[in-house]
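Asker: give me coordinates for this.
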Amino acid sequence: MYDLEGKTAVITGAAGGMGLSMATSFANAGMRVVLADIDTERLATAVTGLTSDGHAAIGVPTDVSDESQIQALAQAALDEFGAVHVMSNNAGIGIAGTVEQMTIEEWKWTLDVDLWSVIYGIRTFLPLLKEQGEGHITATSSMAGLTCGPVLGAYHVAKHGVVALMDTTRIELKLAKSPVKASVLCPGPIDTNIAYSDRLRPEAVETHPTNSLEEKFFENLRSELAQGMDPDEVGELVLDAIRNERFWILTHPNEFMPFIENRIAAIKRDHEHRM
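Answerer: Residues are numbered from 1 along each chain as shown. Just a heads-up that it's a prediction; the model follows:
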């Protein structure tokens, strides 16, 4: 079991939702925490909440789509606490759009935040963890990284990429006999604001015309998320996985396992059909 007492964690997308729940769970476990987010007002509020409860916490405004800002985040953590032991690449957005109608700017924005930020996080933080000979790196994917559906094509592409990236990282760490571990979080419906990501849309990101399919899908998605798991529960799941060095972190395994199994069965069925 990995002892986290007195260690330092960095969490992106930490101003609210699952990121803040991770920061809170880590802090309650005796860790020092570095919260990163692009929403500076919510970030300041989150940090104040933790420090007022007696925790060691700082906030670093960060646009995770910019590698230089991820590097600056790492330096800020080292300057304040001297080391980083847990890195949670959690920041993410989700916007609706069919694969042919989403603008290139929307594709790039989604991939920059949801996938490239994790690549930057691994490139920046993994060498630090390996050099000190201990640590754990996580990334937030989604059940959308294990299944597929309509309207969220860019999100599915990014989240599948995160699963592949973290599994590859896990394998490479194992082959190198490194004590550093990796995990991937694949949440189902969680009561967060991800379905309202348009509030963070940069001015340069051109919006495509919406259609009735997208509007209906997102209306249902927002309703489902509002009734979803409390994000505070997710922080505890991630904390437990890091302590026990588990790779897969699933919030709704019983509900989503049939979808995963059906996908595997379809691959097998189509292959057998060719034989």
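Asker: how about the helices of the stretch 101-250 of the chain, start to end?
Answerer: Along the stretch 101-250 of the chain, the stretches classed as helices by DSSP state H, counting those that start in this stretch are 104-111, 117-132, 153-175, 212-226, 231-243.
Asker: okay, the first one in CSV with CA atoms only?
Answerer: When you say that, I think you mean helix 104-111. Extracted as CSV, the C-alpha positions of helix 104-111 are listed here (Å, rounded to 0.1, in the frame of the first residue of the first chain):
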residue,chain,number,x,y,z
ILE,A,104,-12.1,22.1,-36.8
GLU,A,105,-11.6,24.6,-34.0
GLU,A,106,-14.1,22.6,-31.8
TRP,A,107,-12.2,19.4,-32.6
LYS,A,108,-8.9,21.0,-31.7
TRP,A,109,-10.2,22.5,-28.5
THR,A,110,-11.6,19.2,-27.3
LEU,A,111,-8.5,17.3,-28.1
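Asker: how far off centre is it?
Answerer: With C-alpha atoms, centre = their mean, to the nearest Å as the basis, helix 104-111 stands 17 Å off its chain's centre.
Asker: show me what counts as buried in it.
Answerer: 106, 107, 108, 109, 110, 111 (16 or more other C-beta atoms under 10 Å). No exception for glycine: its C-beta is placed from N, CA and C like everyone else's.
Asker: quick one: residues contacting the second one.
Answerer: Contacts of residue 107 were listed using C-beta atoms under 8 Å, 6 or more residues apart in numbering, and they are residue 154.
Asker: so how far is residue 21 from it?
Answerer: Using C-beta to C-beta, to the nearest Å, we find residue 107 at a distance of 29 Å from residue 21.
Asker: burial measure for residue 228, as a count.
Answerer: 16 (other C-beta atoms under 10 Å).
Asker: cool, the one 10 residues further on as well?
Answerer: Counted with other C-beta under 10 Å, the burial measure for residue 238 works out to 27 neighbours.
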